[in-house]
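[1] Below: sequence and its predicted model.
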Amino acid sequence: MYVIVLLLMSLGMGADEIIMNAKGEVVSDLTQTLWAFMFFILSTMWSAQDSKARNIHRPFDFGFLIYILWPISFPAYLIATRGVEGIITFLGFLAIWCGPWLLGLVSYVYIYSG
């Protein structure tokens, strides 16, 4: 469920990027910060739920550590629990996170290149 919410939010942010670029404006810093915060929170909640479902021993502060050290601990968790499939899963999460920015970049180039 967390991944579906992340995908829907990513599509919403992508649509916002396209609409704002079409108007000649940029997405506000507050919106970008909120998107990043919600992405990290939801991916952390997903990893906590995933570790419960897989019966993996978690320390008390597992969610906090995943959130604070996300660039290191999230891929490490995925690789430790899934192996090579964990790398692919991590790349999928990165695609969800960077997707709106890429949509905005493509729309900007398309709108202003002519």
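    Looks like it came in fine.

[2] what number of residues lie near Trp70?
    When neighbours are defined as other Cβ atoms under 10 Å, Trp70 has 16 of them. No exception for glycine: its C-beta is placed from N, CA and C like everyone else's.

[3] List the residues that contact it.
    40, 43-44 (Cβ atoms under 8 Å, 6 or more residues apart in numbering).

[4] Mind doing that once more with 10 Å?
    Residues in contact with Trp70 (Cβ atoms under 10 Å, 6 or more residues apart in numbering) are 39-40, 43-44, 47, 93.

[5] May I ask which of these has the most neighbours?
    Result: Ser47 is most packed of the contacts of Trp70 (other Cβ under 10 Å), 24 neighbours.

[6] Can you name every helix or strand that the strand or helix carrying it contacts?
    In the assignment (DSSP states H and E), Ser47 maps to helix 29-53. Where contact means 3 or more Cβ pairs under 10 Å, 6 or more residues apart in numbering; DSSP states H and E, helix 29-53 is packed against helix 2-22, helix 62-68, helix 70-82, helix 84-112.

[7] Output the contacts of Trp70 in CSV; the columns should cover pLDDT and distance to Lys23.
    As requested, the contacts of Trp70 are exported to CSV (pLDDT from 0 to 100; distance: Cβ to Cβ, whole Å):
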residue, pLDDT, distance to Lys23
Phe39, 96, 24
Phe40, 94, 28
Ser43, 95, 30
Thr44, 94, 33
Ser47, 94, 37
Phe93, 96, 30
